[in-house]
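> predicted coordinates and the sequence they were generated for:
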Amino acid sequence: MVYVTSWDEFVDRSVQLFRADPDSTRYVMKYRHCDGKLVLKVTHNKECLKFKTDQAQDAKKMEKLNNIFFTLMARGPEVDPSEVTGKDQMDAQPTKKGRGRKQ
């Protein structure tokens, strides 16, 4: 088990780990409310990477990593993860109008 201190290094190594063996790679998130710590773990049977944080702003980074992994799993490991952002996908959804009470 290796704790990676840099977020960018964790993302790069996690994507490399997934591309090396997409069938057995696992991604786990664990949040301990009593400690206020979030631990992200990416592993397959031979290597394990972990990233630990207690910063609230890292939640957005975690959301982007989720989108990267969802894209890699859905489109295949050859897709470029730099084109993946969560905001573009949310903007593509149609907005709902007329919510609430009619006047």
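Yep, it's here. Residues are numbered from 1 along each chain as shown.
> where does this protein have low pLDDT?
Low-confidence segments of the chain (pLDDT under 70): 81, 83-98, 100, 102-103.
> and the helices in it?
Secondary structure of the chain, counting by DSSP state H: helices at 7-20, 58-75, 86-92.
> nearest spatial neighbour of K30, skipping sequence neighbours?
V39 (4.7 Å; Cβ to Cβ, 6 or more residues apart in numbering). To be clear about C-beta, it is placed using only N, CA and C from the backbone, and glycine gets the same treatment.
> thinking again about what came up before, make JSON lines out of the helices of the chain and add distance to T43 and mean neighbour count.
Compiled in JSON lines, those are given as follows (distance: least, Cβ to Cβ, whole Å; neighbours: other Cβ atoms under 10 Å):
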{"stretch": "helix 7-20", "distance to T43": "8", "mean neighbour count": "17"}
{"stretch": "helix 58-75", "distance to T43": "13", "mean neighbour count": "16"}
{"stretch": "helix 86-92", "distance to T43": "24", "mean neighbour count": "10"}
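> let's have those in CSV, adding distance to R101.
Output for these, formatted as CSV (distance: least, Cβ to Cβ, whole Å):
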stretch, distance to R101
helix 7-20, 44
helix 58-75, 32
helix 86-92, 26
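> of those helices, which is nearest H33?
helix 58-75 (13.6 Å; Cβ to Cβ).
> tell me which other helices or strands that closest one touches.
With contacts defined as 3 or more Cβ pairs under 8 Å, 6 or more residues apart in numbering; DSSP states H and E, the packing partners of helix 58-75 are helix 7-20, strand 37-43, helix 86-92.
> keeping just the C-alphas, turn it into CSV.
Provided in CSV are the C-alpha atoms of helix 58-75 (Å, rounded to 0.1, in the frame of the first residue of the first chain):
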residue,chain,number,x,y,z
ASP,A,58,-10.9,17.9,-2.6
ALA,A,59,-14.5,16.7,-3.0
LYS,A,60,-14.6,18.4,-6.4
LYS,A,61,-11.4,16.6,-7.4
MET,A,62,-12.9,13.3,-6.3
GLU,A,63,-16.0,14.0,-8.5
LYS,A,64,-13.7,14.6,-11.5
LEU,A,65,-11.8,11.3,-10.8
ASN,A,66,-15.2,9.5,-10.6
ASN,A,67,-16.1,10.9,-14.1
ILE,A,68,-12.7,9.8,-15.4
PHE,A,69,-13.2,6.3,-14.2
PHE,A,70,-16.8,6.1,-15.4
THR,A,71,-15.6,7.3,-18.8
LEU,A,72,-12.8,4.8,-18.9
MET,A,73,-15.1,2.0,-17.9
ALA,A,74,-17.8,2.9,-20.4
ARG,A,75,-15.8,3.9,-23.4
